[in-house]
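# heads up, no residue letters with this:
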């Protein structure tokens, strides 16, 4: 129930943001920054880089708020996807840094509330997604989960599994198409 109220509130904020309401951006930041910072930091392993990416995320949201479709994704899922993609883009530009630091080193950075992915898992959409993921073969499911929940790049997944990059991209793409079909039922 509380998750539904939070989603409704975020959808309303996104609608105001799409209409150009600058105060909505501040409200959105207050409600989501800690979670999105956790996403960026988990991928980048560098606080300064994660802060820079988070800034870029909110600039992107301001510029593209009118593209948000509550019928396709929850606001936090949409925001987390932008944060993930921007983080991976930054990681590609700067190269991997901070590999000597375990991901657990970031546990004290974000708030103790569930992150976007945990919130998704407990939502109705998350439960539908989990059910649809079980319809995929283990390799495809693992690759999608690692890429979209773990922030692992396609290149890194291909290296880990000793498959060509094109094969990994195709496997994930076919899996996402199957997920989309399952979710639209």
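Noted; the coordinates are in hand. All of these numbers come straight from a predicted model, not from anything done at the bench. Numbers count the residues shown, from 1 in each chain.

# Give me the domain ranges for the chain.
1-111, 123-185 (automatic domain parsing).

# Go through those and pick out the most buried.
Mean neighbours per residue, mean count of other Cβ atoms under 10 Å, is largest over the domains of the chain for domain 1-111, with a mean of 16. Every residue, glycine included, has its C-beta placed from N, CA and C.

# Any idea how far that domain is from the middle of the chain?
Computed by Cα atoms, centre = their mean, to the nearest Å, the chain-centroid distance of domain 1-111 equals 8 Å.

# can you start the count at 8 instead of 1 from here on
I'll keep to 8 as the first residue from here, and by that count the last item is domain 8-118.

# Give me the mean pLDDT for it.
Domain 8-118 carries an average pLDDT of 83.

# Angles on the backbone of the residue of the chain most remote from its centre, please.
In the chain, the residue that sits farthest from the middle, by Cα atoms, centre = their mean, is residue 169; the gap is 25.3 Å. Per-residue torsions, residue 169: phi 50, psi 50 (degrees, to the nearest 10).

# distance of it from residue 175?
For residue 169, the distance to residue 175 equals 10 Å [Cβ to Cβ, to the nearest Å].

# quick one: the helices in this protein?
9-25, 29-51, 54-71, 82-101, 123-129, 131-140, 145-155, 161-168, 172-191 (DSSP state H).
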